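Asker: Got a predicted structure plus its sequence, pasted below:
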Amino acid sequence: MTETSTEELCRRYRRLYVPAIADVLDDAGMWHQVMNEILPLTMDMTVAGAAYTALGRPERSTDRSIRLGARMIDEISAGEIAVFDCSDDRTVGHWGELLTNGALARGGVGAVIDGGVRDTNAILDLSFPVFCKFRAARDAKGRWNVVDMQSPVICGGVLVRPGDIIVGDADGVVVVPREHAEAVLVEAERTVEVETEIRSRVNGGEPVGRLYQQYERF
């Protein structure tokens with residue numbers, strides 16, 4: 001059987017929603033795949049793509065020659081999502097307008113930041129999905145710097161490896177390990193179909209308790 005391409009996987013994941021994917025991962029024994037405290041800038045933002053990871057740490061130097069953040073954006077590929085491990089720094093905006101424009105120009109589809117975002121209105125004007133913990137006006141220059149790229153990171157308490165599938169919506173962000181992405185997708189699509197059927201039957205007046213018993217997942 002031919003393996004589904006990452007592009008096709010992400011196209012189909014975009015049609016789903018995070019809680020359904022999280023339920024499937026739970027059923028498969030992967031209990032820790034939903035990021036903690038990371039939410040979209042606006043509730044209508046959705047995203048699905050492959051992770052391009054970056055690790056950053058507090059860095060007091062202002063020497064731009066050692067900063068990897070701009071180079072990371074230059075190397076991001078179409079369909080990828082920038083995923084930042086900010087090392088628990090809570091002082092700066094780790095993502096802003098310039099990084100957003102750079103990612104857009106290279107076909108990036110979103111950013112998931114385990115830290116702060118600034119230039120919020122400019123990002124919203126660009127209709128670029130960004131998920132983060134907080135907003136902060138301080139510039140990262142002289143305070144924080146990307147020190148590694150495309151290595152495993154921790155974002156929102158979840159291990160993220162380059163190429164893992166990231167899906168985000170109003171409920172948060174879920175990480176699907178790349179080696180399980182196709183199987184999880186198929187089961188999540190089935191889950192959505194079942195939930196749609198249940199919703200229709202509830203709206204038709206059937207007792208919720210009886211439907212819980214009828215459908216194994218519930």
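Answerer: Received it, and whenever you're ready, just let me know what you need.

Asker: how deep is the closest residue to residue 133 other than its chain neighbours tucked in, by neighbour count?
Answerer: Nearest non-adjacent residue to residue 133, counting by Cβ to Cβ, 6 or more residues apart in numbering: residue 37, 5.3 Å away. The C-beta positions use only the backbone N, C-alpha and C, and glycine is treated the same way. Neighbour count for residue 37, taken as other Cβ atoms under 10 Å: 11.

Asker: Using the three-state scheme, assign residue 37.
Answerer: coil (DSSP: H, G, I helix; E, B strand; the rest coil).

Asker: Residue 201 and residue 188, how far apart?
Answerer: Separation of residue 201 from residue 188 (Cβ to Cβ, to the nearest Å): 20 Å.

Asker: Which of those two has more residues huddled nearby?
Answerer: residue 188 (26 against 16).

Asker: Could you list which residues are in contact with residue 208?
Answerer: Applying Cβ atoms under 8 Å, 6 or more residues apart in numbering to residue 208 gives the contacts residue 202.

Asker: Residue 114 now?
Answerer: 35, 38, 84-86, 132-133, 154-156.

Asker: so of those, which ones are in strands?
Answerer: Among the contacts of residue 114, the members falling in strands are 84-85, 132, 154-155 (criterion: DSSP state E).

Asker: Pull the most distant pair out of these.
Answerer: 132 and 154 (15.3 Å; Cβ to Cβ).

Asker: Next one: the nearest residue to residue 55 once chain neighbours are set aside from residue 177, what distance?
Answerer: If the residues on either side of it in the chain are set aside, residue 55 comes closest to residue 148, at 4.3 Å by Cβ to Cβ, 6+ apart. Taken as Cβ to Cβ, the spacing of residue 148 relative to residue 177 amounts to 20 Å.

Asker: before we move on, what about residue 101?
Answerer: On the measure of Cβ to Cβ, residue 101 and residue 177 end up 31 Å apart.

Asker: and if you look at residue 151?
Answerer: Between residue 151 and residue 177 the computed distance is 16 Å (Cβ to Cβ).

Asker: Neighbour count: these two, which is higher?
Answerer: Legend: neighbour count by other Cβ under 10 Å for residue 151 and residue 177, higher for residue 177 (17 against 11).

Asker: Not counting its own residues, what contacts stretch 122-135?
Answerer: Against stretch 122-135 from outside (Cβ under 8 Å, 6+ apart): 35, 37-42, 45-47, 90, 93-97, 100-101, 103-104, 109-118, 120, 156, 168, 172-173.

Asker: Drop anything exposed from those.
Answerer: Buried members of the contacts of stretch 122-135, scored by 16 or more other Cβ atoms under 10 Å, are 35, 38-41, 45-47, 93-97, 100-101, 103, 109-118, 120, 156, 168, 172-173.

Asker: For the protein, which segments count as strands?
Answerer: Going by DSSP E, the chain shows strands at 39-40, 47-58, 80-85, 110-114, 116-117, 130-132, 134-135, 144-149, 153-155, 158-160, 165-169, 172-176.

Asker: want to throw the ones you listed into CSV with distance to residue 72?
Answerer: Putting those into CSV (distance: least, Cβ to Cβ, whole Å) gives the following:
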stretch, distance to residue 72
strand 39-40, 21
strand 47-58, 5
strand 80-85, 7
strand 110-114, 11
strand 116-117, 16
strand 130-132, 15
strand 134-135, 21
strand 144-149, 5
strand 153-155, 12
strand 158-160, 14
strand 165-169, 16
strand 172-176, 19
